[in-house]
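**Q** my questions concern the predicted model and sequence given below.
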Amino acid sequence: MLVEVSYPIEDNMSTIKMCNNAVLTKRTKHINVKYFFIKDLITKNLIKLEYIRSEGQLADGFTKSLVAERFQWFLNELKFNM
């Protein structure tokens, strides 16, 4: 069966490194089991996390307050015309 690999983007390098590291440490053992789902998908080569600079992170438009210029960029990237 051919499976297409997905490439979610993340702007936190520590998150990417933690997800790509299959070893549990003192610092990661407190993380809830449901978050290890991502690590499992990486191990199975179903996804690969890719880094994106914070300036290009579209999710910020949904999760953070933005200045007018940045908000306009966000709307343009979503192809949302006002």
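**A** Received the coordinates, thanks.

**Q** next, the buried residues of the longest helix along the chain.
**A** Across the chain, the longest stretch assigned as helix under DSSP state H is helix 68-77. By neighbour count on 16 or more other C-beta atoms under 10 Å, the buried set for helix 68-77 is 73-74. Where C-beta positions appear, they are placed from N, C-alpha and C, glycine not excepted.

**Q** elements contacting that helix?
**A** Contacts defined by 3 or more C-beta pairs under 8 Å, 6 or more residues apart in numbering; DSSP states H and E place helix 68-77 against helix 60-63.

**Q** list the buried residues of the helix it packs on.
**A** residue 61.

**Q** so which residues of this protein form helices?
**A** Going by DSSP H, the chain shows helices at 13-20, 36-43, 60-63, 68-77.

**Q** who touches the longest one?
**A** When you say that, I think you mean helix 68-77. 58, 60-61, 66, 81-82 (C-beta atoms under 8 Å, 6 or more residues apart in numbering).

**Q** do the shortest one as well
**A** Under the criterion C-beta under 8 Å, 6+ apart, residues 54, 66, 71, 74-75, 77-78 lie in contact with helix 60-63.

**Q** residue 62 and residue 71, how far apart?
**A** Distance from residue 62 to residue 71, counting by C-beta to C-beta, to the nearest Å: 11 Å.

**Q** okay, now the domains of this structure?
**A** Domain assignment for the chain by automatic domain parsing gives 1-51, 56-82.

**Q** and the ones you listed, which one is worst for confidence?
**A** Mean pLDDT is lowest for domain 1-51 among those, at a mean of 70.
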